[in-house]
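In: Here's a sequence, model it:
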Amino acid sequence: MKNASFFIILFFCYFFISCKDVTNYRTIPIQGEIIHINTEDIDTVNMVAASKYVKKVSYISLQTGQEFLIGEISKVHSLDSMFFIHDSRANKIYKFDYDGRYICSYGNIGGGPGEYIKISTFSINEKERKLSLYCERKQSLFEFDLEGNLLKELKIGFVCSDFTYCDDFFLFYGGRNPNQIFYSSIYPTQYRLCLMDENTIIKKDLKMTFRDWLVRFPTNGDNRFYTCKHTLFLSEYPNFIYEITPKDSSLISPKYYVDFGKNNVPFDLNSNISEEIIEGIVKNNKFCSIYNFIENEDYIYIKYAYRGIFLSSLYIKNEKKTINLGPIWVNDKDHLLIPTMAATMDDNKMLGYINSFDFINMFDSNSYELPQHVIKLREQINIDDNPILCIVEFN
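Out: Numbers count the residues shown, from 1 in each chain. Sure, this is the predicted structure:
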């Protein structure tokens, strides 16, 4: 397959770059179940057949229209028979039904009351059936019912990179952003996690001291909260995945730690190290950072960056075993690539997507005899259509 050959060549080009070792500046105590990803065999391309772990992939072609043409998917959420998609390029959140038909969008762009300037992220309250989006420039939440009607605008005043509903409250992650006004009495000390009831702080966690170099160090993605029967929080450096426990004395509890061995980032956000060392770490480029962590009943899918390329691994929970998938994962049943994973679903499934352009490119350059549902999908789409949602059902 031409696509696979291209990715493999790109993979080797990146990995034959030599790097200088950097000392581990801080020993980080490990808590939670450890997921080992062996960086020793990352340089070896292993074409892992998806059929060993994946039962089937179902494809949903999203309706295309001028008013809801998707440019870049930043976040996807499924609820009942609906899909909610944040398009960061169009600055919109769209809702589609299970057949891919467009239903509605949320909110209006602008600077007036009830209008947002730029969507940073969104979250859904499944219990109360509400959707909220966060506008960083206004530092405000906009809450809607699922039909798209604006319920209220909440001025939060907290600079965050992601948030989620947590029982009857909002849980915000400030990341490395300076929240000088919000924490004016203790700044540069601040807390990265903040549980709030509108404007009232209920609980906070992950204390840190803000320093200028924090905002210059590369981020490892914006999506921090993931849900699989319980809400998980992916921290930035080190690679802890916490379970949210708002009713306990602590807001979070370590559930997993992803261990890349010598390729762990050698500090956490409270490390007191010089900007010169940080610059060296950035240029070194050999450290692994997690960009996506998706868990269902039996598996965990981890997407991470290493030496400038995205790789992925699959963790089999009952065996406590990690499979290195590399830069591509081949769907040998459909003779395509496994889609970009984006969210978890019920019944041991995950939700992903493929851009129509990439699907057509894989189809047209394919030398295999393709299954009928793949051929039928190709007949339905054009190169500039909306992406194809993919439901990946695991064994």
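In: can you count the residues close to Q31?
Out: The local packing count at Q31 equals 13, with neighbours defined by other CB atoms under 10 Å. Placement of C-beta: from N, CA and C, glycine included.
In: What residues does the closest residue to F122 other than its chain neighbours make contact with?
Out: For F122, ignoring the flanking residues on the chain, the nearest one in space by CB to CB, 6 or more residues apart in numbering is L133 at 4.3 Å. L133 is in contact with I93, Y106, G107, Y116, I119, T121, F122, L141, F142, F144, counting by CB atoms under 8 Å, 6 or more residues apart in numbering.
In: State the three-state secondary structure for T164.
Out: Using DSSP: H, G, I helix; E, B strand; the rest coil, the three-state assignment for T164 comes out as strand.
In: thought it was touching L171?
Out: Yes. With contact taken as CB atoms under 8 Å, T164 and L171 are classed as touching, separated by 5.2 Å.
In: Between these two, point out the one with more neighbours.
Out: Residue environment comparison for T164 versus L171 gives the larger neighbour count to L171, 27 against 23, counting by other CB under 10 Å.
In: Report the contact partners of the more buried one.
Out: F163, T164, Y165, L193, C194, L195, M196, F225, T231, I244, P246, L251.
In: wait, is it part of a strand?
Out: Yes. Counting by three-state DSSP, L171 is part of a strand.
In: May I have the beta-bridge partners of it?
Out: On the basis of DSSP bridges, L171 takes part in beta bridges with T164, L195.
In: how near is it to I37?
Out: Distance of L171 to I37, given as CB to CB, to the nearest Å: 27 Å.
In: for F68, same thing?
Out: For F68, the distance to I37 under the criterion CB to CB works out to 38 Å.
In: Out of the contacts of L171, which comes closest to N361?
Out: The shortest gap between N361 and any of the contacts of L171 belongs to F225, at 32.9 Å (CB to CB).
In: The closest one and T231 touch, don't they?
Out: Yes. F225 lies in contact with T231 (CB under 8 Å); the separation is 6.1 Å.
In: overlap in contacts of those two?
Out: T164, L171, I244.
In: got a list of what the last one touches?
Out: Looking back up the chat, that one is I244. Residues in contact with I244, defined by CB under 8 Å, 6+ apart, are T164, C166, L171, F225, H230, T231, L232, F233, L251, I252.
In: ok so, going back, closest to I391 out of the shared contacts of F225 and T231?
Out: Checking the shared contacts of F225 and T231 against I391 with CB to CB, the nearest one is T164 at 22.6 Å.
In: what stretches of the stretch 101-250 of the chain score poorly on pLDDT?
Out: Applying pLDDT under 70 to the stretch 101-250 of the chain picks out residues 216-222, 228-229.
In: Give me the distance between D97 and I60.
Out: According to CB to CB, D97 stands 9 Å off from I60.
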